[in-house]
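J.: dropping a prediction and its sequence here:
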Amino acid sequence: MKIHLEKHAIRAMGIAECSKRTAKNSTLCAVVMRSDLVIDGCNYGECKIGGDDITKNIILLYKKMKRTDINLIMILGSILSSYNIINLHALYDSLAVPIISVSLKSPKNLELNFKNKFPDTWKQKIKIYIQNGEVLKISTKTGYVVYVNVAGLSTFDTKKVLNKFLLQGSIPEPIRIAKLFARAKIINEIN
């Protein structure tokens, strides 16, 4: 899908997650937001903490939205829910919309952590991480640096998209709001 960055209000689906400390599943939240920062939809899903199901569950979450106007997906990281790794290219191939994962830190010691926590499946997890491609370091208009993996979008357009959805700080608004909503859902379940 070609993104028309010159349009006033392209739509991004921001995805983030949150979980309780003792939970087996993590709550996923998807927020659809226009680039003029109007929230245009929200939905919830879940994935297994430490599992291998996040790519499949993001696809389900996207399909539950029943929308054809989402121009791209932004995700808070490519490794969520205690090493449940998103296969960004499988996600892109399945949904045919560009994917941007945004992290505040560049990952370190992944192979060692995978080996220690997942002795039976660490090779598959590291394989998916490597397939996600090079981590790009991008400076934003707000003066922060973020680390991104991208599928289906050039580095130049990725930077333009991130800046289009930044109001302040380092996290694009669709992801920031999705994280807030996911956290609020968890807090409401506790009370």
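T.: Received it, and whenever you're ready, just let me know what you need.
J.: all strands for this structure, in order.
T.: 11-18, 25-34, 39-48, 72-76, 79-80, 84-85, 99-103, 136-139, 145-151 (DSSP state E).
J.: not counting sequence-adjacent ones, nearest residue to Gln168?
T.: Distances taken as Cβ to Cβ, 6 or more residues apart in numbering put Thr142 closest to Gln168, at 6.0 Å, once the chain neighbours are dropped. For the C-beta atoms, the positions are set from N, CA and C on the backbone; glycine is no exception.
J.: how many neighbours does the one you found have?
T.: Using other Cβ atoms under 10 Å, Thr142 has 14 other residues around it.
J.: what's it sitting at in phi/psi?
T.: The phi/psi pair for Thr142 (degrees, to the nearest 10) reads phi -90, psi 0.
J.: surely it is in contact with Ser170?
T.: Yes - with contact defined as Cβ atoms under 8 Å, Thr142 counts as touching Ser170 (6.7 Å).
J.: so how many other residues sit close to the closest residue to Lys164 other than its chain neighbours?
T.: In this structure, Lys164 finds its nearest non-sequential neighbour in Ser35, 4.7 Å apart by Cβ to Cβ, 6+ apart. When neighbours are counted by other Cβ under 10 Å, Ser35 registers 20.
J.: then Ala96?
T.: Using other Cβ under 10 Å, Ala96 has 8 other residues around it.
J.: tell me which residues of the helix or strand of the chain with the lowest mean pLDDT come out buried.
T.: Lowest by mean pLDDT, DSSP states H and E among the helices and strands of the chain is helix 110-117, with a mean of 84. Within helix 110-117, the residues that count as buried by 16 or more other Cβ atoms under 10 Å are Leu110, Asn113, Phe114.
J.: wait, which of the residues you listed is closest to Ala30?
T.: Using Cβ to Cβ, Leu110 comes nearest to Ala30 of the buried residues of helix 110-117, at 25.6 Å.
J.: pLDDT score assigned to the nearest residue to that closest one once chain neighbours are set aside?
T.: Closest residue to Leu110 apart from its sequence neighbours, by Cβ to Cβ, 6+ apart: Tyr129 at 6.2 Å. What the model reports as pLDDT for Tyr129 is 90.
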